[in-house]
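>>> Starting from these lines, generate the structure:
(one chain, ligands or ions: 1)
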Amino acid sequence: MNNETIELFHELATDQNTTPENFNGRKYHIWTIGCQMNVADSNHVAAELEKIGYGPTEKLDEADIVVLNTCVVRQTAEDKAIGKLGSLKPWKRKKADRTLALMGCMVGVKPSQQLLDAYPDVDVFMPPSEATPLVNYLRQSEIDAEMAEIERQQLAQRYQVQDEAQPIGTVQSIKHLALSGEAPVAAHVPIVYGCSHACTFCIIPFRRGVERSRPVQEIVNEIRGLVAQGVREVTLLGQIVDRYGYDWRGEMGNSRTVSAYQGASLRLGSREQGARDKGQGEGEDSALPTPHSAFDLADLLRAVHEIEGLWRIRFLTSHPNYMTDRILETVRDLPKVCEHIEVPIQAGDDEVLEQMRRGYTNAEYRALVQRIRTIIPKVAIHTDIIVGFCGETMEQFQQTVDVLSDLKLDKVHLARYSPRPGTVSERRMVDDVPEVEKVRRHQAIEALQEAVSTEINQQFLGQTVEVLVEDQHKGKWRGRNRQNKLVFIESDLPLRGRLVEAQITWTGPWSMQGRFVRDVSPLPDRVEAPKTTITLNLSSVAV
Ligand code: SF4
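Predicted structure coming up:
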(Lines give C-alpha, C1' and ligand atoms only; values in the text may rest on other atoms or scores of the structure.)
Protein backbone atom coordinates (compact mmCIF):
# COMPACT_ATOMS: atom_id res chain seq x y z
CA MET A 1 0.00 0.00 0.00
CA ASN A 2 1.32 3.41 -0.95
CA ASN A 3 1.25 5.53 2.18
CA GLU A 4 1.91 8.74 0.34
CA THR A 5 -0.20 11.35 2.05
CA ILE A 6 -2.62 13.01 -0.32
CA GLU A 7 -5.30 15.55 0.39
CA LEU A 8 -8.40 16.16 -1.65
CA PHE A 9 -12.02 17.00 -1.36
CA HIS A 10 -14.50 14.66 -2.90
CA GLU A 11 -15.38 15.83 -6.37
CA LEU A 12 -16.77 12.73 -7.97
CA ALA A 13 -20.20 13.54 -9.27
CA THR A 14 -21.24 9.94 -9.69
CA ASP A 15 -24.26 10.60 -11.84
CA GLN A 16 -25.09 6.93 -12.08
CA ASN A 17 -26.17 6.93 -8.41
CA THR A 18 -27.77 10.32 -7.77
CA THR A 19 -30.59 10.20 -10.25
CA PRO A 20 -33.08 13.06 -10.53
CA GLU A 21 -35.67 10.76 -8.92
CA ASN A 22 -33.78 10.10 -5.73
CA PHE A 23 -31.88 13.41 -5.33
CA ASN A 24 -33.33 14.97 -2.18
CA GLY A 25 -31.72 18.38 -2.72
CA ARG A 26 -29.23 17.83 0.07
CA LYS A 27 -25.49 17.78 -0.53
CA TYR A 28 -22.35 16.19 0.86
CA HIS A 29 -18.72 17.26 0.90
CA ILE A 30 -15.95 14.80 1.68
CA TRP A 31 -12.46 15.91 2.66
CA THR A 32 -9.89 13.13 2.49
CA ILE A 33 -6.32 12.91 3.64
CA GLY A 34 -3.99 9.90 3.64
CA CYS A 35 -3.41 6.88 1.46
CA GLN A 36 -5.30 5.53 -1.55
CA MET A 37 -7.24 3.28 0.79
CA ASN A 38 -8.74 6.38 2.30
CA VAL A 39 -9.58 7.72 -1.14
CA ALA A 40 -11.35 4.47 -1.99
CA ASP A 41 -13.19 4.56 1.35
CA SER A 42 -14.34 8.10 0.59
CA ASN A 43 -15.61 6.95 -2.79
CA HIS A 44 -17.61 4.20 -1.09
CA VAL A 45 -19.10 6.68 1.35
CA ALA A 46 -19.99 8.96 -1.57
CA ALA A 47 -21.76 6.10 -3.33
CA GLU A 48 -23.75 5.23 -0.18
CA LEU A 49 -24.78 8.85 0.28
CA GLU A 50 -25.83 9.13 -3.34
CA LYS A 51 -27.93 5.98 -3.00
CA ILE A 52 -30.00 7.73 -0.36
CA GLY A 53 -30.39 10.88 -2.40
CA TYR A 54 -27.45 13.17 -1.54
CA GLY A 55 -25.40 14.91 -4.23
CA PRO A 56 -21.76 16.08 -4.11
CA THR A 57 -20.58 19.65 -3.73
CA GLU A 58 -17.16 21.25 -3.50
CA LYS A 59 -18.60 24.25 -1.69
CA LEU A 60 -18.61 23.83 2.04
CA ASP A 61 -21.36 26.34 2.53
CA GLU A 62 -23.71 24.38 0.27
CA ALA A 63 -23.07 21.11 2.10
CA ASP A 64 -25.52 19.52 4.54
CA ILE A 65 -23.00 16.80 5.40
CA VAL A 66 -19.26 17.04 5.74
CA VAL A 67 -17.17 13.89 6.10
CA LEU A 68 -13.54 14.21 7.19
CA ASN A 69 -11.70 11.04 6.27
CA THR A 70 -8.51 11.17 8.35
CA CYS A 71 -5.04 9.71 8.54
CA VAL A 72 -2.65 9.54 11.52
CA VAL A 73 0.30 7.87 9.84
CA ARG A 74 2.20 11.17 9.82
CA GLN A 75 1.93 13.90 12.40
CA THR A 76 1.38 16.49 9.66
CA ALA A 77 -1.67 14.59 8.37
CA GLU A 78 -3.08 14.32 11.88
CA ASP A 79 -2.43 18.01 12.53
CA LYS A 80 -4.19 18.91 9.29
CA ALA A 81 -7.23 16.83 10.26
CA ILE A 82 -7.32 18.47 13.69
CA GLY A 83 -7.03 21.89 12.08
CA LYS A 84 -9.81 21.04 9.63
CA LEU A 85 -12.06 19.94 12.48
CA GLY A 86 -11.46 23.24 14.25
CA SER A 87 -12.13 25.26 11.11
CA LEU A 88 -15.48 23.48 10.63
CA LYS A 89 -16.95 24.70 13.93
CA PRO A 90 -18.55 27.84 12.43
CA TRP A 91 -19.92 25.79 9.50
CA LYS A 92 -21.44 23.23 11.87
CA ARG A 93 -22.95 25.78 14.23
CA LYS A 94 -24.48 27.92 11.47
CA LYS A 95 -27.35 25.47 10.84
CA ALA A 96 -28.80 23.01 13.33
CA ASP A 97 -29.45 20.24 10.80
CA ARG A 98 -25.90 20.00 9.43
CA THR A 99 -24.07 16.72 9.96
CA LEU A 100 -20.37 16.41 10.65
CA ALA A 101 -18.82 12.95 10.37
CA LEU A 102 -15.28 11.99 11.32
CA MET A 103 -13.89 8.88 9.63
CA GLY A 104 -10.71 6.86 9.29
CA CYS A 105 -7.59 6.29 11.32
CA MET A 106 -8.27 9.07 13.81
CA VAL A 107 -11.40 7.18 14.85
CA GLY A 108 -9.92 3.68 14.72
CA VAL A 109 -12.04 0.58 15.25
CA LYS A 110 -13.96 2.31 18.04
CA PRO A 111 -13.74 5.97 18.99
CA SER A 112 -12.07 6.56 22.36
CA GLN A 113 -13.87 8.48 25.08
CA GLN A 114 -11.10 11.07 24.80
CA LEU A 115 -11.95 11.61 21.12
CA LEU A 116 -15.70 11.80 21.83
CA ASP A 117 -15.09 14.39 24.55
CA ALA A 118 -12.64 16.41 22.45
CA TYR A 119 -15.00 16.91 19.48
CA PRO A 120 -18.57 17.47 20.68
CA ASP A 121 -19.51 18.99 17.30
CA VAL A 122 -18.95 15.69 15.53
CA ASP A 123 -22.26 13.85 15.05
CA VAL A 124 -20.96 10.53 13.73
CA PHE A 125 -17.66 8.70 14.26
CA MET A 126 -16.93 6.18 11.49
CA PRO A 127 -14.21 3.52 11.59
CA PRO A 128 -12.13 3.15 8.39
CA SER A 129 -14.08 1.58 5.49
CA GLU A 130 -17.41 1.84 7.34
CA ALA A 131 -20.18 3.97 5.83
CA THR A 132 -22.99 2.35 7.83
CA PRO A 133 -22.84 4.57 10.95
CA LEU A 134 -23.37 7.68 8.81
CA VAL A 135 -26.17 6.18 6.71
CA ASN A 136 -27.96 4.93 9.85
CA TYR A 137 -27.53 8.30 11.52
CA LEU A 138 -29.03 10.14 8.52
CA ARG A 139 -31.97 7.76 8.26
CA GLN A 140 -32.67 8.13 11.99
CA SER A 141 -32.37 11.92 11.77
CA GLU A 142 -34.84 11.98 8.89
CA ILE A 143 -37.31 9.82 10.80
CA ASP A 144 -36.87 11.93 13.94
CA ALA A 145 -37.45 15.16 12.01
CA GLU A 146 -40.57 13.76 10.37
CA MET A 147 -41.89 12.49 13.69
CA ALA A 148 -41.21 15.81 15.38
CA GLU A 149 -43.11 17.59 12.60
CA ILE A 150 -46.05 15.19 12.80
CA GLU A 151 -46.19 15.58 16.57
CA ARG A 152 -45.91 19.36 16.26
CA GLN A 153 -48.77 19.54 13.78
CA GLN A 154 -50.99 17.24 15.79
CA LEU A 155 -50.25 19.06 19.04
CA ALA A 156 -50.95 22.43 17.42
CA GLN A 157 -54.23 21.09 16.08
CA ARG A 158 -55.15 19.74 19.50
CA TYR A 159 -54.26 22.97 21.28
CA GLN A 160 -56.27 24.90 18.74
CA VAL A 161 -59.37 22.82 19.39
CA GLN A 162 -58.70 22.81 23.12
CA ASP A 163 -57.83 26.51 23.47
CA GLU A 164 -60.36 27.92 21.08
CA ALA A 165 -63.22 25.60 21.84
CA GLN A 166 -66.36 27.64 22.42
CA PRO A 167 -69.95 26.49 22.71
CA ILE A 168 -70.73 27.21 19.05
CA GLY A 169 -72.79 24.14 18.31
CA THR A 170 -73.62 20.64 19.29
CA VAL A 171 -72.56 18.69 16.21
CA GLN A 172 -69.44 18.50 14.10
CA SER A 173 -69.41 17.95 10.36
CA ILE A 174 -66.24 16.49 8.98
CA LYS A 175 -67.50 16.36 5.39
CA HIS A 176 -65.35 19.34 4.40
CA LEU A 177 -62.29 17.34 5.37
CA ALA A 178 -63.40 14.60 3.01
CA LEU A 179 -63.29 17.05 0.08
CA SER A 180 -59.55 17.51 0.32
CA GLY A 181 -58.81 13.94 1.27
CA GLU A 182 -60.57 11.33 3.30
CA ALA A 183 -62.63 11.94 6.42
CA PRO A 184 -60.54 11.54 9.57
CA VAL A 185 -60.55 8.33 11.57
CA ALA A 186 -59.90 10.14 14.87
CA ALA A 187 -61.56 13.34 16.10
CA HIS A 188 -61.45 15.71 19.06
CA VAL A 189 -64.54 16.56 21.08
CA PRO A 190 -64.49 19.38 23.67
CA ILE A 191 -66.33 18.39 26.84
CA VAL A 192 -65.30 21.23 29.16
CA TYR A 193 -64.96 24.82 27.98
CA GLY A 194 -62.74 27.38 29.71
CA CYS A 195 -60.77 26.87 32.90
CA SER A 196 -61.13 28.06 36.47
CA HIS A 197 -57.77 27.05 37.76
CA ALA A 198 -55.83 30.24 37.03
CA CYS A 199 -52.21 29.08 36.90
CA THR A 200 -50.15 32.26 37.03
CA PHE A 201 -48.49 31.77 33.61
CA CYS A 202 -51.66 30.88 31.70
CA ILE A 203 -53.85 33.09 29.53
CA ILE A 204 -56.61 30.53 28.98
CA PRO A 205 -58.89 31.47 31.91
CA PHE A 206 -58.88 35.12 30.78
CA ARG A 207 -59.53 34.30 27.14
CA ARG A 208 -61.88 31.36 27.49
CA GLY A 209 -63.70 32.16 30.67
CA VAL A 210 -64.63 30.00 33.60
CA GLU A 211 -65.04 26.28 33.36
CA ARG A 212 -68.30 25.04 31.81
CA SER A 213 -69.01 21.34 31.36
CA ARG A 214 -71.12 20.37 28.36
CA PRO A 215 -74.26 18.33 28.95
CA VAL A 216 -73.72 14.59 28.71
CA GLN A 217 -76.38 13.96 26.12
CA GLU A 218 -75.07 16.72 23.88
CA ILE A 219 -71.60 15.13 23.90
CA VAL A 220 -72.97 11.65 23.27
CA ASN A 221 -75.05 12.92 20.35
CA GLU A 222 -72.09 14.74 18.85
CA ILE A 223 -69.94 11.62 19.01
CA ARG A 224 -72.71 9.52 17.48
CA GLY A 225 -72.73 12.01 14.59
CA LEU A 226 -68.97 11.69 14.18
CA VAL A 227 -69.15 7.90 14.19
CA ALA A 228 -71.81 8.07 11.48
CA GLN A 229 -69.26 10.01 9.41
CA GLY A 230 -66.59 7.32 9.87
CA VAL A 231 -64.78 8.38 13.04
CA ARG A 232 -63.53 5.45 15.15
CA GLU A 233 -61.59 7.21 17.90
CA VAL A 234 -62.50 10.29 19.91
CA THR A 235 -60.37 12.32 22.28
CA LEU A 236 -62.42 14.15 24.89
CA LEU A 237 -60.90 17.55 25.53
CA GLY A 238 -60.82 19.93 28.44
CA GLN A 239 -58.23 22.23 29.94
CA ILE A 240 -58.74 20.12 33.04
CA VAL A 241 -60.70 17.28 31.55
CA ASP A 242 -61.03 15.34 34.80
CA ARG A 243 -62.91 18.28 36.33
CA TYR A 244 -65.82 17.41 34.04
CA GLY A 245 -69.02 18.10 36.02
CA TYR A 246 -67.36 19.94 38.93
CA ASP A 247 -68.85 23.26 37.85
CA TRP A 248 -72.34 21.78 38.18
CA ARG A 249 -71.56 21.23 41.84
CA GLY A 250 -70.16 24.71 42.37
CA GLU A 251 -66.59 23.47 42.93
CA MET A 252 -64.49 26.01 41.10
CA GLY A 253 -60.82 25.13 41.63
CA ASN A 254 -58.61 28.12 42.53
CA SER A 255 -60.81 30.40 40.50
CA ARG A 256 -60.78 33.56 42.60
CA THR A 257 -58.21 35.16 40.33
CA VAL A 258 -60.40 34.52 37.31
CA SER A 259 -63.44 35.86 39.09
CA ALA A 260 -61.66 39.04 40.18
CA TYR A 261 -60.20 39.60 36.73
CA GLN A 262 -63.53 39.24 35.01
CA GLY A 263 -65.32 41.31 37.64
CA ALA A 264 -68.09 38.74 37.61
CA SER A 265 -69.51 36.73 40.44
CA LEU A 266 -69.39 33.04 39.86
CA ARG A 267 -72.92 31.88 39.50
CA LEU A 268 -72.11 28.37 38.42
CA GLY A 269 -73.31 25.71 40.75
CA SER A 270 -76.65 27.37 41.28
CA ARG A 271 -79.74 25.35 40.54
CA GLU A 272 -80.58 27.75 37.67
CA GLN A 273 -77.20 27.27 36.02
CA GLY A 274 -77.46 23.52 36.30
CA ALA A 275 -80.91 23.53 34.80
CA ARG A 276 -79.69 25.74 31.94
CA ASP A 277 -76.78 23.42 31.19
CA LYS A 278 -78.96 20.38 31.26
CA GLY A 279 -81.45 22.03 28.95
CA GLN A 280 -78.83 22.50 26.23
CA GLY A 281 -78.74 18.80 25.45
CA GLU A 282 -80.65 17.36 22.55
CA GLY A 283 -82.88 14.40 23.19
CA GLU A 284 -82.51 14.42 26.96
CA ASP A 285 -82.33 11.03 28.53
CA SER A 286 -84.16 10.92 31.85
CA ALA A 287 -81.95 8.02 32.97
CA LEU A 288 -78.91 10.31 33.04
CA PRO A 289 -78.14 12.00 36.37
CA THR A 290 -79.02 15.62 36.96
CA PRO A 291 -76.20 18.15 36.83
CA HIS A 292 -76.34 18.44 40.60
CA SER A 293 -75.48 14.82 41.21
CA ALA A 294 -71.89 13.61 41.43
CA PHE A 295 -71.73 12.87 37.68
CA ASP A 296 -68.08 13.04 36.63
CA LEU A 297 -65.65 12.08 33.86
CA ALA A 298 -65.87 8.41 34.82
CA ASP A 299 -69.62 8.49 34.20
CA LEU A 300 -69.16 10.34 30.92
CA LEU A 301 -66.62 7.73 29.79
CA ARG A 302 -69.18 5.02 30.53
CA ALA A 303 -71.85 6.87 28.54
CA VAL A 304 -69.52 7.38 25.56
CA HIS A 305 -68.31 3.79 25.79
CA GLU A 306 -71.84 2.63 24.96
CA ILE A 307 -71.76 4.25 21.51
CA GLU A 308 -71.88 1.58 18.87
CA GLY A 309 -69.27 1.84 16.11
CA LEU A 310 -66.86 3.81 18.30
CA TRP A 311 -63.71 1.78 18.94
CA ARG A 312 -61.44 3.96 21.00
CA ILE A 313 -61.70 6.76 23.58
CA ARG A 314 -58.99 9.03 24.96
CA PHE A 315 -59.20 12.14 27.12
CA LEU A 316 -56.87 15.00 27.93
CA THR A 317 -55.55 17.14 29.61
CA SER A 318 -55.70 16.03 33.24
CA HIS A 319 -54.61 17.96 36.33
CA PRO A 320 -52.84 16.09 39.15
CA ASN A 321 -55.35 17.27 41.76
CA TYR A 322 -58.41 15.83 40.02
CA MET A 323 -57.25 12.42 38.82
CA THR A 324 -59.41 10.26 41.07
CA ASP A 325 -59.18 6.50 41.55
CA ARG A 326 -62.71 6.34 40.18
CA ILE A 327 -61.54 7.77 36.84
CA LEU A 328 -58.44 5.55 36.77
CA GLU A 329 -60.45 2.41 37.52
CA THR A 330 -62.84 3.33 34.73
CA VAL A 331 -59.92 3.61 32.29
CA ARG A 332 -58.75 0.19 33.47
CA ASP A 333 -62.20 -1.40 33.20
CA LEU A 334 -63.54 -0.04 29.90
CA PRO A 335 -61.95 -1.78 26.91
CA LYS A 336 -62.45 1.15 24.53
CA VAL A 337 -60.65 3.63 26.78
CA CYS A 338 -56.95 3.68 25.91
CA GLU A 339 -54.17 3.38 28.48
CA HIS A 340 -52.91 6.89 27.94
CA ILE A 341 -52.94 9.68 30.53
CA GLU A 342 -51.74 13.23 29.92
CA VAL A 343 -51.04 14.88 33.25
CA PRO A 344 -48.71 17.91 33.32
CA ILE A 345 -46.31 18.52 36.19
CA GLN A 346 -44.90 21.77 34.63
CA ALA A 347 -41.94 21.96 37.08
CA GLY A 348 -40.22 19.75 39.63
CA ASP A 349 -39.53 22.26 42.39
CA ASP A 350 -42.15 22.95 45.05
CA GLU A 351 -41.42 26.66 45.26
CA VAL A 352 -41.72 27.05 41.48
CA LEU A 353 -44.96 25.05 41.54
CA GLU A 354 -46.23 27.38 44.24
CA GLN A 355 -45.26 30.41 42.12
CA MET A 356 -47.08 28.84 39.19
CA ARG A 357 -50.04 28.26 41.48
CA ARG A 358 -50.40 24.70 40.37
CA GLY A 359 -51.70 23.41 43.68
CA TYR A 360 -49.58 20.27 44.23
CA THR A 361 -46.03 19.33 45.22
CA ASN A 362 -43.30 17.23 43.64
CA ALA A 363 -44.00 14.43 46.14
CA GLU A 364 -47.74 14.49 45.39
CA TYR A 365 -47.08 14.24 41.65
CA ARG A 366 -44.72 11.32 42.18
CA ALA A 367 -47.38 9.57 44.30
CA LEU A 368 -49.96 10.19 41.58
CA VAL A 369 -47.76 8.57 38.90
CA GLN A 370 -47.31 5.59 41.20
CA ARG A 371 -51.09 5.38 41.69
CA ILE A 372 -51.79 5.61 37.94
CA ARG A 373 -49.27 2.84 37.22
CA THR A 374 -50.67 0.64 39.97
CA ILE A 375 -54.25 0.91 38.77
CA ILE A 376 -53.70 0.85 34.98
CA PRO A 377 -51.23 -1.75 33.73
CA LYS A 378 -49.18 -0.79 30.65
CA VAL A 379 -50.25 2.84 30.89
CA ALA A 380 -48.40 5.57 29.00
CA ILE A 381 -48.06 8.84 30.90
CA HIS A 382 -47.34 12.14 29.15
CA THR A 383 -46.48 15.38 30.89
CA ASP A 384 -45.88 19.07 30.18
CA ILE A 385 -42.84 21.01 31.37
CA ILE A 386 -42.07 24.72 31.33
CA VAL A 387 -38.40 25.55 31.76
CA GLY A 388 -37.07 28.94 32.87
CA PHE A 389 -40.15 30.12 34.77
CA CYS A 390 -39.69 33.41 36.70
CA GLY A 391 -36.95 33.01 39.29
CA GLU A 392 -36.19 29.34 38.51
CA THR A 393 -32.67 28.66 39.81
CA MET A 394 -30.32 25.93 38.61
CA GLU A 395 -31.08 23.92 41.76
CA GLN A 396 -34.79 24.25 41.13
CA PHE A 397 -34.38 23.23 37.50
CA GLN A 398 -32.44 20.20 38.69
CA GLN A 399 -35.59 19.09 40.55
CA THR A 400 -37.36 18.93 37.18
CA VAL A 401 -34.51 16.89 35.71
CA ASP A 402 -34.60 14.55 38.71
CA VAL A 403 -38.33 13.96 38.66
CA LEU A 404 -38.26 13.14 34.93
CA SER A 405 -35.28 10.83 35.20
CA ASP A 406 -36.82 9.08 38.21
CA LEU A 407 -40.34 8.68 36.83
CA LYS A 408 -39.38 7.87 33.21
CA LEU A 409 -42.58 9.16 31.63
CA ASP A 410 -43.45 8.29 28.05
CA LYS A 411 -43.47 11.78 26.59
CA VAL A 412 -42.74 15.36 27.61
CA HIS A 413 -44.34 18.37 25.90
CA LEU A 414 -41.67 20.96 26.52
CA ALA A 415 -41.86 24.76 26.47
CA ARG A 416 -39.58 27.64 27.40
CA TYR A 417 -41.33 30.17 29.60
CA SER A 418 -42.38 33.37 27.88
CA PRO A 419 -44.73 35.82 29.56
CA ARG A 420 -48.19 36.14 28.03
CA PRO A 421 -49.60 39.67 28.35
CA GLY A 422 -52.26 39.94 31.03
CA THR A 423 -51.29 36.87 33.02
CA VAL A 424 -50.43 37.04 36.70
CA SER A 425 -46.80 36.08 36.05
CA GLU A 426 -46.44 38.79 33.42
CA ARG A 427 -47.92 41.46 35.68
CA ARG A 428 -46.40 40.50 39.02
CA MET A 429 -43.24 38.46 38.42
CA VAL A 430 -39.89 39.04 36.75
CA ASP A 431 -38.93 36.99 33.68
CA ASP A 432 -35.33 36.78 34.87
CA VAL A 433 -33.95 33.54 33.40
CA PRO A 434 -31.83 34.56 30.37
CA GLU A 435 -33.02 33.18 27.03
CA VAL A 436 -29.74 31.37 26.45
CA GLU A 437 -30.19 29.56 29.76
CA LYS A 438 -33.79 28.67 28.90
CA VAL A 439 -32.52 27.15 25.64
CA ARG A 440 -29.87 25.19 27.55
CA ARG A 441 -32.46 23.80 29.99
CA HIS A 442 -34.79 22.98 27.12
CA GLN A 443 -32.01 21.04 25.37
CA ALA A 444 -31.07 19.22 28.57
CA ILE A 445 -34.64 17.94 29.05
CA GLU A 446 -34.93 17.07 25.37
CA ALA A 447 -31.78 14.93 25.54
CA LEU A 448 -32.91 13.26 28.76
CA GLN A 449 -36.36 12.48 27.41
CA GLU A 450 -35.01 11.14 24.13
CA ALA A 451 -33.03 8.55 26.10
CA VAL A 452 -36.03 7.71 28.31
CA SER A 453 -38.44 7.37 25.37
CA THR A 454 -35.93 5.22 23.48
CA GLU A 455 -35.66 2.87 26.44
CA ILE A 456 -39.44 2.66 26.95
CA ASN A 457 -40.17 2.06 23.28
CA GLN A 458 -37.54 -0.67 22.98
CA GLN A 459 -39.72 -2.77 25.27
CA PHE A 460 -42.26 -3.01 22.43
CA LEU A 461 -39.76 -4.67 20.07
CA GLY A 462 -41.12 -8.03 18.93
CA GLN A 463 -44.46 -7.44 20.65
CA THR A 464 -47.80 -7.44 18.86
CA VAL A 465 -49.70 -4.21 19.45
CA GLU A 466 -53.12 -2.93 18.46
CA VAL A 467 -53.00 -0.02 15.99
CA LEU A 468 -55.81 2.13 14.67
CA VAL A 469 -54.60 3.04 11.17
CA GLU A 470 -55.34 6.69 10.42
CA ASP A 471 -53.67 7.41 7.08
CA GLN A 472 -50.73 6.85 4.78
CA HIS A 473 -47.42 8.70 5.01
CA LYS A 474 -44.65 8.23 2.44
CA GLY A 475 -46.00 4.86 1.37
CA LYS A 476 -46.41 3.50 4.90
CA TRP A 477 -49.58 3.19 6.94
CA ARG A 478 -49.56 5.37 10.00
CA GLY A 479 -51.54 4.90 13.20
CA ARG A 480 -51.26 4.84 16.95
CA ASN A 481 -51.19 2.05 19.44
CA ARG A 482 -53.29 2.18 22.60
CA GLN A 483 -50.50 4.06 24.39
CA ASN A 484 -50.68 6.76 21.69
CA LYS A 485 -47.33 5.84 20.17
CA LEU A 486 -46.93 6.37 16.43
CA VAL A 487 -46.63 3.10 14.53
CA PHE A 488 -45.77 2.79 10.83
CA ILE A 489 -46.79 -0.35 8.99
CA GLU A 490 -45.54 -1.45 5.58
CA SER A 491 -48.34 -3.21 3.77
CA ASP A 492 -50.09 -3.14 0.39
CA LEU A 493 -53.41 -3.98 2.04
CA PRO A 494 -56.11 -1.28 2.34
CA LEU A 495 -55.67 -0.60 6.07
CA ARG A 496 -57.01 2.94 6.45
CA GLY A 497 -59.61 3.11 9.23
CA ARG A 498 -58.84 -0.43 10.35
CA LEU A 499 -57.99 -1.66 13.80
CA VAL A 500 -55.09 -4.02 13.23
CA GLU A 501 -52.48 -5.96 15.11
CA ALA A 502 -48.88 -5.24 14.15
CA GLN A 503 -45.69 -6.88 15.27
CA ILE A 504 -43.10 -4.26 16.14
CA THR A 505 -39.86 -4.68 14.17
CA TRP A 506 -38.11 -1.37 14.90
CA THR A 507 -38.36 1.25 17.63
CA GLY A 508 -37.02 4.77 18.01
CA PRO A 509 -37.71 7.49 20.57
CA TRP A 510 -40.64 9.00 18.69
CA SER A 511 -42.12 6.17 16.63
CA MET A 512 -42.07 2.47 15.82
CA GLN A 513 -42.37 0.31 12.75
CA GLY A 514 -44.16 -2.97 12.48
CA ARG A 515 -45.52 -5.60 10.16
CA PHE A 516 -49.20 -6.26 9.67
CA VAL A 517 -50.35 -9.37 11.53
CA ARG A 518 -54.15 -9.29 11.27
CA ASP A 519 -57.20 -7.10 11.05
CA VAL A 520 -59.11 -7.04 14.35
CA SER A 521 -61.65 -4.41 13.33
CA PRO A 522 -65.11 -5.13 14.72
CA LEU A 523 -66.42 -5.24 11.12
CA PRO A 524 -67.61 -8.14 8.95
CA ASP A 525 -65.18 -7.49 6.05
CA ARG A 526 -61.83 -7.98 7.69
CA VAL A 527 -58.67 -7.54 5.64
CA GLU A 528 -56.65 -10.74 5.29
CA ALA A 529 -52.85 -10.92 5.51
CA PRO A 530 -51.03 -12.63 2.61
CA LYS A 531 -50.17 -16.22 3.46
CA THR A 532 -46.41 -15.83 3.79
CA THR A 533 -44.20 -16.46 6.76
CA ILE A 534 -41.87 -13.69 7.84
CA THR A 535 -39.12 -14.51 10.30
CA LEU A 536 -37.86 -11.67 12.42
CA ASN A 537 -34.28 -11.66 13.53
CA LEU A 538 -34.36 -9.89 16.88
CA SER A 539 -31.38 -11.67 18.37
CA SER A 540 -29.01 -8.77 17.86
CA VAL A 541 -31.25 -6.27 19.59
CA ALA A 542 -31.55 -5.85 23.33
CA VAL A 543 -35.24 -6.20 24.23
S1 SF4 B 1 -52.43 25.77 32.70
FE2 SF4 B 1 -53.69 26.07 34.54
S3 SF4 B 1 -54.99 27.83 34.09
FE4 SF4 B 1 -54.11 27.17 32.15
S5 SF4 B 1 -55.66 25.85 31.28
FE6 SF4 B 1 -54.24 24.53 32.43
S7 SF4 B 1 -55.07 24.34 34.45
FE8 SF4 B 1 -56.14 26.05 33.45
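>>> how about the strands in the stretch 201-350 of the chain?
Residue ranges of the strands in the stretch 201-350 of the chain, as given by DSSP state E, counting those that start in this stretch, are 212-213, 233-237, 312-316, 340-342.
>>> Dump those to TSV, plus distance to the ligand.
(C-beta placed from N, C-alpha, C; glycine too.) Putting these into TSV (distance: least, C-beta to the nearest ligand atom, whole Å) gives the following:
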stretch	distance to the ligand
strand 212-213	13
strand 233-237	11
strand 312-316	11
strand 340-342	11
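>>> Redo the ones you listed as a markdown table? Include mean pLDDT.
Putting those into a markdown table (pLDDT from 0 to 100) gives the following:
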| stretch | mean pLDDT |
| --- | --- |
| strand 212-213 | 90 |
| strand 233-237 | 94 |
| strand 312-316 | 97 |
| strand 340-342 | 97 |
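>>> Dump these to CSV, plus mean neighbour count.
Rendered in CSV, the data for the strands of the stretch 201-350 of the chain read as follows (neighbours: other C-beta atoms under 10 Å):
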stretch, mean neighbour count
strand 212-213, 22
strand 233-237, 23
strand 312-316, 23
strand 340-342, 25
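>>> mind checking which of those strands is nearest residue 39?
In terms of C-beta to C-beta, the element of those nearest to residue 39 is strand 340-342, at 52.9 Å.
>>> strands paired with that closest one, and their directions?
Sheet pairing for strand 340-342, assigned by DSSP bridges, gives strand 380-387 (parallel).
>>> between the partner strand and strand 312-316, how big is the angle?
Using axes from the mean of the first three to the mean of the last three C-alpha atoms, to 10 degrees, the direction of strand 380-387 lies 20 degrees away from that of strand 312-316.
>>> quick one on the thing from earlier: let's have the strands of the stretch 201-350 of the chain in JSON lines, adding distance to residue 499.
As requested, those are exported to JSON lines (distance: least, C-beta to C-beta, whole Å):
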{"stretch": "strand 212-213", "distance to residue 499": "30"}
{"stretch": "strand 233-237", "distance to residue 499": "9"}
{"stretch": "strand 312-316", "distance to residue 499": "8"}
{"stretch": "strand 340-342", "distance to residue 499": "16"}
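>>> Select, out of these, the one closest to residue 362.
Nearest to residue 362, of all those, is strand 340-342, at 18.2 Å by C-beta to C-beta.
>>> For the closest one, which outside residues touch it?
314, 316-318, 323, 331, 372, 376, 379-384, 482-484 (C-beta atoms under 8 Å, 6 or more residues apart in numbering).
>>> From those, list the buried ones, please.
Burial of the contacts of strand 340-342 was assessed by neighbour count (16 or more other C-beta atoms under 10 Å); the buried members are 314, 316-318, 323, 331, 372, 376, 379-384, 482-484.
>>> and the closest residue to the ligand within the stretch 251-400 of the chain, what does it touch?
Using C-beta to the nearest ligand atom, residue 319 is the residue of the stretch 251-400 of the chain that sits closest to the ligand, at 5.6 Å. Residue 319 is in contact with 197, 240, 242-243, 343-344, 359, counting by C-beta under 8 Å, 6+ apart.
>>> Save those residues as a markdown table, and put in distance to residue 412 and neighbour count too.
Written out in a markdown table, the entries for these read as follows (distance: C-beta to C-beta, whole Å; neighbours: other C-beta atoms under 10 Å):
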| residue | distance to residue 412 | neighbour count |
| --- | --- | --- |
| 197 | 21 | 24 |
| 240 | 19 | 22 |
| 242 | 20 | 26 |
| 243 | 23 | 24 |
| 343 | 12 | 21 |
| 344 | 10 | 20 |
| 359 | 20 | 17 |
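>>> can I get the residues you listed in JSON lines with distance to residue 42 and pLDDT?
As requested, the contacts of residue 319 are arranged in JSON lines below (distance: C-beta to C-beta, whole Å; pLDDT from 0 to 100):
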{"residue": "197", "distance to residue 42": "59", "pLDDT": "86"}
{"residue": "240", "distance to residue 42": "58", "pLDDT": "94"}
{"residue": "242", "distance to residue 42": "58", "pLDDT": "93"}
{"residue": "243", "distance to residue 42": "62", "pLDDT": "93"}
{"residue": "343", "distance to residue 42": "51", "pLDDT": "97"}
{"residue": "344", "distance to residue 42": "49", "pLDDT": "97"}
{"residue": "359", "distance to residue 42": "60", "pLDDT": "92"}
